[in-house]
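Student: When you get a sec, could you give me coordinates for this:
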Amino acid sequence: MELRHLRVVCAIADAGSVTKAAAALGLAAPALTTQLQRIERAFGGQLFERDRRGARPTPLGELVLARARVLLPAVQGLQEEAAQFAGAAQAGGEDGLPGYRIGAVNGPLIGGVVHRLAAAQPSAQLSTYPSWSSSELAAMLLDARLDFALIGTCGDASPPEEGRLTWHTVAMAPVCALLPESHPYADAVEVELAALAGSRWAATPGDGCFAECFAAACARAGFTPTPIHENDLGGCTDLVRGGNVVALCQPTFREVAGVRVVPLAGTPLRWRHLIGWHPSSPAAHVSPRLITYAEDSYAEAVRLSPHHPPLPR
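Tutor: Below is the predicted model of the structure:
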């Protein structure tokens, strides 16, 4: 059980429905429903009675809510006091931060950011935390377990905990198709999404609304996609190389033997890269430097990619 689970329970109770809570949290309703089911299993019982009128706490849910509404503000107060104390204690240093704890979802930024930090501050302690969940990384920022998070959202969707964390958009990228080199469109300049209607699909896992946005884009193209095979990046690449599926990828994906990156005509899907931090943490003082590193890292990835449109000057 983690603090983010208690925040989810409170959000559902405050909104009165899972759908409204999902919108407030920047998640897809099915993703929040799955989280709630895991939370209820952890507590050993149903926390909400759900019907067409919404979601109402069960007696067990009332107990959890009563404790959560005391615990969460207390933890938040502790975090703020600790951040202020740590910031004061570190105030004489070069930038007030002796080390950097950076979480990241799959994307082209983490390597370049760490490389630039290590070059600029060789003595700084650097640690990274990989995750498939932007919400998990946001919770770790709130709990002061990370200093920065590098995440992505679908198009213009709100990042998690937008009201409590500071997020900066690094870049907006078109989503591309990753095709086996034997595919009829493997050497095309671009491919219509409708031309891939009969394909089996693969994608890396994640939260947010991307799956729903992909299904909506396919519907606009006139078809319903087959269920997506979720796998890590290497697994998706292997599935595509084997000729069994096509995948969704970022234009900065570096092609390897047996696969081709092909842009989707008309850019039916977009992916927004963001960097985030807690506004009252010591990391806030060095956020301009990290923003520059993230933007420079993305620009470098674009220069190495033949499929990404030029960045605006």
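
Student: Downstream of the helix or strand containing Asp14, the next helix or strand is which one?
Tutor: Assigning secondary structure by DSSP states H and E places Asp14 in helix 3-15. As assigned by DSSP H and E, the chain's next helix or strand after helix 3-15 is helix 18-25.

Student: Settle this for me: Val75 is touching Arg4, isn't it.
Tutor: No - assessed by C-beta atoms under 8 Å, Val75 is found out of contact with Arg4, at 11.2 Å. Any C-beta I mention is one placed from the backbone N, CA and C, and that applies to glycine too.

Student: Which residue of these two possesses the greater neighbour count?
Tutor: Ranked by neighbour count (other C-beta atoms under 10 Å), Val75 and Arg4 place Arg4 first, with 20 against 15.

Student: Verify the stated contact: the more buried one with Ser134.
Tutor: No - taking C-beta under 8 Å as the definition, Arg4 is not a contact partner of Ser134, at 11.6 Å.

Student: quick one: buried residues of the helix holding Asp14?
Tutor: Taking 16 or more other C-beta atoms under 10 Å as the basis for neighbour counts, the residues of helix 3-15 that come out buried are 3-13, 15.

Student: May I see these arranged in CSV, with pLDDT as well?
Tutor: Supplementary listing: the buried residues of helix 3-15 in CSV, determined by pLDDT from 0 to 100:
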residue, pLDDT
Leu3, 85
Arg4, 86
His5, 90
Leu6, 92
Arg7, 91
Val8, 92
Val9, 93
Cys10, 93
Ala11, 93
Ile12, 93
Ala13, 93
Ala15, 92
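
Student: ok, now which ones touch Val18?
Tutor: Contact criterion C-beta atoms under 8 Å, 6 or more residues apart in numbering gives 12, 29, 32-33, 36, 48, 50, 55 as the residues in contact with Val18.

Student: Was I right to think Leu239 contacts Glu230?
Tutor: No - under the criterion of C-beta under 8 Å, Leu239 lies out of contact with Glu230, with a separation of 10.5 Å.

Student: What count of nearby residues applies to the residue nearest to Val246 when sequence neighbours are not counted?
Tutor: Excluding the flanking residues, the one nearest Val246 by C-beta to C-beta, 6 or more residues apart in numbering is Ser199, at 4.6 Å. A total of 18 residues lie near Ser199 under the criterion other C-beta under 10 Å.

Student: Assign a three-state SS to Ser199, would you?
Tutor: Here Ser199 is coil, with the state taken from DSSP: H, G, I helix; E, B strand; the rest coil.

Student: show me the contacts for it.
Tutor: Residues near Ser199 by C-beta under 8 Å, 6+ apart: 225-226, 245-246.

Student: Weed out the non-buried ones from those residues.
Tutor: The neighbour count (16+ other C-beta under 10 Å) marks 225, 245-246 as buried among the contacts of Ser199.

Student: What about Leu78, how many residues nearby?
Tutor: 12.

Student: Make sure it is indeed in a helix.
Tutor: Yes - when classified by three-state DSSP, Leu78 is found to be part of a helix.

Student: so how far is Gly276 from it?
Tutor: Plainly put, Leu78 is 21 Å away from Gly276 if you go by C-beta to C-beta, to the nearest Å.

Student: now swap in Pro288 and tell me
Tutor: As for Pro288, its distance to Gly276 is 14 Å (criterion: C-beta to C-beta).

Student: Arg69 now?
Tutor: For Arg69, the distance to Gly276 equals 25 Å [C-beta to C-beta].

Student: Same question for Ala284.
Tutor: Distance check for Ala284 against Gly276: by C-beta to C-beta, it reads 11 Å.

Student: which residues are in contact with both of the two?
Tutor: Residues touching both Ala284 and Gly276 (C-beta under 8 Å, 6+ apart): Thr166.

Student: These two: which has the busier surroundings?
Tutor: Comparing Ala284 with Gly276 by other C-beta under 10 Å, the one with more neighbours is Gly276, at 25 against 17.

Student: mind checking the SS state of the more buried one?
Tutor: When the structure is split into helix, strand and coil by three-state DSSP, Gly276 lands in strand.

Student: That one contacts Leu165, doesn't it?
Tutor: Yes - Gly276 is within contact range of Leu165, at 5.1 Å (criterion: C-beta under 8 Å).

Student: Common neighbours of the two, please.
Tutor: Shared contacts of Gly276 and Leu165, counting by C-beta under 8 Å, 6+ apart, come down to 138, 141, 159.

Student: so can I have CSV of these showing secondary structure, distance to Gly234 and pLDDT?
Tutor: Shown next, in CSV, are the shared contacts of Gly276 and Leu165 (DSSP: H, G, I helix; E, B strand; the rest coil; distance: C-beta to C-beta, whole Å; pLDDT from 0 to 100):
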residue, secondary structure, distance to Gly234, pLDDT
Ala138, helix, 26, 93
Leu141, helix, 28, 93
Pro159, coil, 27, 91
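
Student: Thanks a lot, see you next time.
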